[in-house]
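Visitor: Need a 3D model of the following:
(chains A, B and C)
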Amino acid sequence: MADLTRGIDTAELGSKMFRFMEELYPICRSITGEGIRETLDRISKRIPLELREVPTGTEVLDWTIPKEWNIRDAFIKGPSGRRVVDFRDHNLHVMSYSVPVDTRMPLSRLREHIHTLPNQPDMIPYRTSYYSETWGFCMQHERFQQLIEGDYEVRIDSSLEPGSLTFGECLLPGASEDEVLVSCHCCHPSIANDNLSGIALATELAEHLLTLPLRYSYRFLFIPGTIGSIAWLALNEDRVDKIKHGLVVTCVGDAGQPTYKRSRRGDSLIDRAAAHVLARSGEPHRLVDFSPYGYDERQYCSPGFNLPVGSLMRTPNGDYPEYHTSADNLDFVDPRSLADSLDLYLKVLDILENDGTFRNLRPKGEPQLGKRGLYPAVGGQGSGSELVARLWVLNLSDGEHSLLDIAERAQLPFHAIKDAAQLLLEGGLLKPAVPDSP
Amino acid sequence: MADLTRGIDTAELGSKMFRFMEELYPICRSITGEGIRETLDRISKRIPLELREVPTGTEVLDWTIPKEWNIRDAFIKGPSGRRVVDFRDHNLHVMSYSVPVDTRMPLSRLREHIHTLPNQPDMIPYRTSYYSETWGFCMQHERFQQLIEGDYEVRIDSSLEPGSLTFGECLLPGASEDEVLVSCHCCHPSIANDNLSGIALATELAEHLLTLPLRYSYRFLFIPGTIGSIAWLALNEDRVDKIKHGLVVTCVGDAGQPTYKRSRRGDSLIDRAAAHVLARSGEPHRLVDFSPYGYDERQYCSPGFNLPVGSLMRTPNGDYPEYHTSADNLDFVDPRSLADSLDLYLKVLDILENDGTFRNLRPKGEPQLGKRGLYPAVGGQGSGSELVARLWVLNLSDGEHSLLDIAERAQLPFHAIKDAAQLLLEGGLLKPAVPDSP
Amino acid sequence: MADLTRGIDTAELGSKMFRFMEELYPICRSITGEGIRETLDRISKRIPLELREVPTGTEVLDWTIPKEWNIRDAFIKGPSGRRVVDFRDHNLHVMSYSVPVDTRMPLSRLREHIHTLPNQPDMIPYRTSYYSETWGFCMQHERFQQLIEGDYEVRIDSSLEPGSLTFGECLLPGASEDEVLVSCHCCHPSIANDNLSGIALATELAEHLLTLPLRYSYRFLFIPGTIGSIAWLALNEDRVDKIKHGLVVTCVGDAGQPTYKRSRRGDSLIDRAAAHVLARSGEPHRLVDFSPYGYDERQYCSPGFNLPVGSLMRTPNGDYPEYHTSADNLDFVDPRSLADSLDLYLKVLDILENDGTFRNLRPKGEPQLGKRGLYPAVGGQGSGSELVARLWVLNLSDGEHSLLDIAERAQLPFHAIKDAAQLLLEGGLLKPAVPDSP
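Guide: The predicted structure is shown next:
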């Protein structure tokens, strides 16, 4: 039985993930274009990543791949000739997918194209207009209020033309062709928690799994949100049923408590494994039911696919005030939270890798553990938790209960039950109940 | 999809129901006789009511229709010759079904025939003796204690003779022959909440439904308690299975919190619809399981019928101190509570009329709502509850989840889900999963 | 229907059980040998007990019957020649199954053979070494610390030789060959709550049931823990399926709150009956799920047998500080707690004896109870709990609900439902739903 968490220094990996986020932070990503290509390029330096290009106009499920968008510069110049909004200061200043503009207009008309957050006046909002051709700027409300009446020069040096949508795919083959899907969106510009944190964690995870013998094959997807998962599902419709478990990785770097959002099925193994790990962490956490609002789990869990894909995050999208603003920056995330998130992912995957159902070969009465060196020689004292784990595994290994079932029933951590099962297997008291057990 | 609550001014209807109660309050009703006939006559002026007469001696299930009882006057005259108890003051003073009496007796013997409430000394109790031929008076305990020793004249000018039991039935035909039963007892004399309130609400409800196109047929029963529902069940034994949902209407005019008593089945649609409406009301309320003590749900939910009939009331019978006393009068009820109760009934029936199961016609991935004008053009902001309702309907419309299922899962009010389904139906994204959907 | 609790003076029986414990307390029991034989001999003076002897070396399931152990004397003499530890003071001073020793050694070596409780310095621990041939003494830590350096004389006058394992079996035949198992371990030396209390209660229970007509046959087992139940199961493997319900009797004499530990099945009738009795007791109590650590339920509930055997106790083994020490003595238990435990056992068994499923012979509508004298003649008043019990039995006696189901649903004590069913049976309104009802 593999142990995914053995020898891992998560603290060190936390710093490593943070540094990767720092490297990717300045890039102006969108759902298509050079920003996402450059991001995937950096990832591909660390893990074996295949890049896919899907041409503009390709029909994918109910959707059509949009034009490719690229941007070089954008600004608003005030009556004084000074740049009052400047893309070079922050790439959130331009609404993603803004069409090219080069014109002058009075403030009264310009206002309709400026997005601000009146209740968060010092933050720049993040806005997009992927499927409606228009343009816009985003800025701090406090600076917006200082704009004086007059004539403004408005320039967006972008292009919106036929091209392609790009995503990256990394397959780590395991003993079985059954797959675990790990999916993260990488279409947001300079936003840290959403979702550079997810990109960094998924890359780290892939890099680590690469070194281990695996039961499952792991498929990592680095995709633009929504249209990316829809494109992948459309291109892989005939092999989607190989996915047996999956996680959407997002918002894993903030200091908030871990949150697991269940798959639409609600009781699949990934849901139970994540709930077990969070419950056994001893730390505050949240378990929330699936809802059809969020990230790419919306697509994986649409009724026509209904894949067992949940989302393990920290503070969920929309639940923190910095969400989708310039305040979701590198100060908002920290290596320690990243490390903690990675640790949870490894523990969840460890359950997927090691869960199985066994059969007690001496089911009538307890087998005499003493003569096998598995019971304390002096009786009358209390039992240690190792002995208790063995007794639970023996008692419930009737072919009906998996190790995770037993861990939940015994209220012991999965690894304690796994270790007991290992010992009993070696002692000849247990055998796998089905041939494909780990 | 019909909307039962559209254009309703429940406040105005509250006053109208209260006025109808005022009109019916003075009549001395019992399980048979002129009092119930006159009551049904007044109802029949408002809704199409068929009156049934079941002759004394008719066998109905395990019971026999009793003799018909009528009363003109009754009193007790004290030693001074003054009426110390007088039927003309309050019809509760005579125990219902008292046989005729015209005699004199000392207080010592008379006491055995007088019912009082020592713990509620200013209230007249309500007592009956339908199935044991005797007589009695009911009075305030504080006045009973003032009776002096001596010889009393006792007169009850009643008749108990072969006749018939009367009840009223109003059928509002709908698109389907499947029926919703609305049943209220109208055998109590001058008692307001129990059950003039139920009579007034049921009449108002029938009057309103009369104006609408209906999915179900609605059967309103105005019956004497117990023997009335038993008679109706006996006479309709072969068609009882047309009843798909039902409510017993009682105690709907007091200011207490709404209470829904589940049917014996406990999880029928009527039970889930009432629970949903109460939970979504945002007001304090109670949900109680079926018990075999109460009103006519005892008969509808007997094991041989086991109909899905619950009871939506305010304070349940027996749970308020004024219950079955002269204090359950017009001061104890109010138009506002009646209006609120009617509103709840309409919302519950609206679910019955509109619930259905649909199938998402674009089940793989989310359909692109934006190109259909069902998604905000600018992305990056939060979602409104209307969009969330659409996403829920799309996600769960797999032929397995009804709109009520979806509303419960989404924690949104039924009407929000119904409206979203309507929009998606019109947008060609949904179709009924079964032919008979609304 | 039998009533197991009728005419029982549990207070008197509490004193009687306590006196029996006083009688058995001085005997030095172990899993084999004269101590357990003498104990069984005393029990057999009160109830018909068959003694079984299973020879050393017999293979029983995965185990082998060990050698027989007997002890006459044991002591440690200090450098001064005085006995510093003396078996004649307390039989816990010698580790059970200690091999014979007659030697001298310095304190430094002797220490390895002495067991104490540093955190409970005034108590002698209870230790055993059944399956590993060694020897040891147990003593108070505070006295252990006073031992001076020097040369000690060590003597254990025991024998460990081929012989047999002894247990007692008492079968009380009932109308059915289906059995209720009552099992208690009697291998502990002078320890009161664990398990002289169980021995005394089981003996009392058998003595009482002996006088009653019984539905089930009752099998009482007085056995050494673990190896005894394993031996019995091995010898009776082909008839184990006659056991329909069972209880392990242990720790029933302390003042702690009653605890029921469910069988591995968790929802068998014994589990539901015990939960009902405890819930209806109105006293604090605990319900705990099965776990594979405890007493002989470990064997009865091993996956190859999976018998519906729970354990009704007070404070569970290991949960009180006096557990497995010299402080679990006659001061730790009291007649009142014993009496209360017996009362609970009788109420639980009363459910087993009387539970059954009936069919309402008048299932359509309520039958008219008034004409059968089962309903109050004057209506309008509240209902007594006796009437409510009758209505519940009628409403739920559809062949699907047992009397215990009905009691739970009605939130009434089982005996109230049983009494109502009895009355309705006599009134011709009920018949057993299956032939073998009580």
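Visitor: ok, how many other residues are close to the residue of the stretch 251-400 of chain A found nearest chain B?
Guide: Taking C-beta to the nearest C-beta as the measure, the point where the stretch 251-400 of chain A comes nearest chain B is residue A:304, at 3.2 Å. The C-beta positions use only the backbone N, C-alpha and C, and glycine is treated the same way. Each residue near residue A:304 was counted by other C-beta atoms under 10 Å in any protein chain shown, and the total is 15.
Visitor: Likewise for residue A:421?
Guide: 27.
Visitor: same check, this time on residue A:142
Guide: Other residues near residue A:142 come to 14 when the count uses other C-beta under 10 Å.
Visitor: Now do the same for the nearest residue to it once chain neighbours are set aside: helix, strand or coil?
Guide: Taking C-beta to C-beta, 6 or more residues apart in numbering or on different chains, and ignoring the residues beside it in sequence, residue A:142 has residue A:121 as its nearest neighbour in space, at 4.0 Å. With DSSP: H, G, I helix; E, B strand; the rest coil as the basis, the three-state label of residue A:121 is coil.
Visitor: Isn't residue A:121 up against residue A:141?
Guide: Yes - using C-beta atoms under 8 Å as the test, residue A:121 is close enough to residue A:141 to be in contact (3.9 Å).
Visitor: ok, the two, which is more surrounded?
Guide: A side-by-side neighbour count of residue A:121 and residue A:141, using other C-beta under 10 Å, places residue A:141 first with 18 against 13.
Visitor: how near is that one to residue A:118?
Guide: Per C-beta to C-beta, to the nearest Å, residue A:141 is found 5 Å from residue A:118.
Visitor: swap in residue A:5?
Guide: 46 Å.
Visitor: Comparing the two, which residue is more hemmed in?
Guide: Relative neighbour count places residue A:5 above the other of residue A:5 and residue A:118, with 15 against 9, counting by other C-beta under 10 Å.
Visitor: now that one, nearest residue through space, not along the chain?
Guide: Counting by C-beta to C-beta, 6+ apart, residue A:5 lies nearest to residue A:346, which is 4.9 Å off, once chain neighbours are set aside.
Visitor: so what pLDDT did the residue nearest to residue A:3 when sequence neighbours are not counted get?
Guide: The shortest distance from residue A:3 to any non-neighbouring residue, by C-beta to C-beta, 6+ apart, is to residue A:350 (6.7 Å). In the predicted model, residue A:350 carries a pLDDT score of 97.
Visitor: Checking my notes, residue A:350 in a helix, right?
Guide: Yes - applying three-state DSSP, one finds residue A:350 inside a helix.
Visitor: my read: it touches residue A:6, true?
Guide: No - with contact defined as C-beta under 8 Å, residue A:350 does not reach residue A:6; the gap is 9.4 Å.
Visitor: More neighbours: these two, which one.
Guide: residue A:350 (21 against 9).
Visitor: residue nearest the centroid of chain A?
Guide: In chain A, the C-alpha closest to the average C-alpha coordinate belongs to residue A:249, at a distance of 0.4 Å (C-alpha atoms, centre = their mean).
Visitor: where do the strands sit along the stretch 51-200 of chain A?
Guide: Read by DSSP state E, counting those that start in this stretch, the stretch 51-200 of chain A holds these strands, from start to end of the chain: A:59-60, A:63-64, A:68-77, A:83-86, A:101-106, A:114-115, A:137-138, A:151-161, A:164-172, A:179-185.
Visitor: could you redo the ones you listed as CSV and give each row mean pLDDT?
Guide: As requested, those are arranged in CSV below (pLDDT from 0 to 100):
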stretch, mean pLDDT
strand A:59-60, 98
strand A:63-64, 97
strand A:68-77, 97
strand A:83-86, 96
strand A:101-106, 97
strand A:114-115, 97
strand A:137-138, 98
strand A:151-161, 97
strand A:164-172, 98
strand A:179-185, 98
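Visitor: Quick one, which of these gets closest to chain B.
Guide: Of these, the one closest to chain B (C-beta to the nearest C-beta) turns out to be strand A:63-64, at 4.9 Å.
Visitor: Tell me, how many residues neighbour the closest residue to residue A:303 other than its chain neighbours?
Guide: Residue nearest to residue A:303 in three dimensions, not counting chain neighbours: residue B:398, with 4.1 Å by C-beta to C-beta, 6+ apart. Burial of residue B:398, expressed as a neighbour count using other C-beta under 10 Å, amounts to 18.
Visitor: my read: residue B:398 touches residue B:363, true?
Guide: Yes - taking C-beta under 8 Å as the contact criterion, residue B:398 and residue B:363 are neighbours in contact, 6.8 Å apart.
Visitor: overlap in contacts of those two?
Guide: When contacts are counted by C-beta atoms under 8 Å, 6 or more residues apart in numbering or on different chains, the set common to residue B:398 and residue B:363 consists of residue A:303.
Visitor: And residue A:350, how far from residue A:106?
Guide: Taking C-beta to C-beta, one finds residue A:350 at 62 Å from residue A:106.
Visitor: Would you state the helices of the stretch 251-400 of chain A in chain order?
Guide: A:269-280, A:297-300, A:335-354, A:385-396 (DSSP state H, counting those that start in this stretch).
Visitor: winner for burial among those?
Guide: Each of the helices of the stretch 251-400 of chain A was given a mean neighbour count from mean count of other C-beta atoms under 10 Å in any protein chain shown, and the largest, a mean of 26, is that of helix A:297-300.
Visitor: Let's see that one as CSV, backbone CA atoms only.
Guide: Taking Å, rounded to 0.1, in the frame of the first residue of the first chain, the C-alpha atoms of helix A:297-300 are listed here in CSV:
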residue,chain,number,x,y,z
GLU,A,297,-17.6,21.3,-11.0
ARG,A,298,-20.7,23.0,-12.6
GLN,A,299,-19.8,21.3,-15.9
TYR,A,300,-18.4,18.0,-14.5
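Visitor: Many thanks, we can stop here.
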